[in-house]
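Student: Based on what follows, work out the 3D shape:
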Amino acid sequence: MNAIFKSDAVTQSLWFGNTLVTILVSPGQGNDGTCLIEHRMPYGESPPLHVHRNEDEVFHVLSGTLRLQVDGRQLQLEAGQSAIAPKGLPHSFRVESAEGAHVLTITRGGDFESMVRAASRPAQTADLPTPVAPSPEAVAALTRLCCENGIDIVGAPLA
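Tutor: Take a look at the predicted model:
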C-alpha cells in the first residue's frame, strides 16, 4: 500500500478487560505492519507479566504515571516519556496515578493487535468499562489467546 491512510478510530474502540482501547493504526494498513493502540486505563491496572515472542512493544505515556517492569528492572514513566519492552523479555506495567493513565503502544506485526481484538468486546461508551476482577475462566481464556498470538504469560500482574 502506498497511500496515506486516515484511521476511523470511532469504529475500533474496544473494552479490553478494565481498559478502553482504540486501535488507531492496524498492521494491515501499512507496509511494515505497524500497529498503534491508544489505551485509557484505571489506577492499578496491570497485565500479567508476559513475553512477546515476535514483537517489541513501545509505550508512550500521554497522561498519568506508569510503572514499567522489563526483565526485572523497573522504571517510572510520566507524561511525555517513552520506553521499549524488547521482544523476548518479560514485562508488565502498573498504572500508578490516581486519575488513571492514557498511553499509546506501538508494535510491529499482528500478534498484539490480534490478541487485543480477540480478548475484547465492543465498547458501549467512550468511558472505561465497569471494573471487574477477572474470573479463572477469563484468565484461562486470555492465557490461551496470548499463546495463540505469540505472547506467553510468565507471571502475575504487578502489585
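
Student: so how far does stretch 81-92 reach from one end to the other?
Tutor: One end of stretch 81-92 sits 16 Å from the other (CA to CA, to the nearest Å).

Student: quick one: contacts of stretch 12-30?
Tutor: 1, 5, 7, 9, 33-42, 45, 47, 104, 108-110, 113, 116-117, 119-124, 126-129, 131-132, 134 (CB atoms under 8 Å, 6 or more residues apart in numbering). (C-beta placed from N, C-alpha, C; glycine too.)

Student: same deal with stretch 142-155?
Tutor: Here stretch 142-155 makes contact (CB under 8 Å, 6+ apart) with 48-55, 90, 92, 109, 111-112, 114-115, 118-119, 134.

Student: Neighbour count says what about the residues you listed? Which are buried?
Tutor: Neighbour counting over the contacts of stretch 142-155 (16 or more other CB atoms under 10 Å) leaves 48-52, 55, 90, 92, 109, 111-112, 114-115, 119 as the buried ones.

Student: want to throw these into TSV with pLDDT, distance to Gln29 and secondary structure?
Tutor: Formatted as TSV, the buried ones among the contacts of stretch 142-155 follow (pLDDT from 0 to 100; distance: CB to CB, whole Å; DSSP: H, G, I helix; E, B strand; the rest coil):
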residue	pLDDT	distance to Gln29	secondary structure
Pro48	96	29	coil
Leu49	97	30	coil
His50	98	25	strand
Val51	98	26	strand
His52	98	20	strand
Glu55	97	16	coil
Pro90	98	29	coil
Ser92	98	28	strand
Gly109	92	13	coil
Asp111	96	16	helix
Phe112	97	15	helix
Ser114	96	14	helix
Met115	97	18	helix
Ala119	96	21	helix
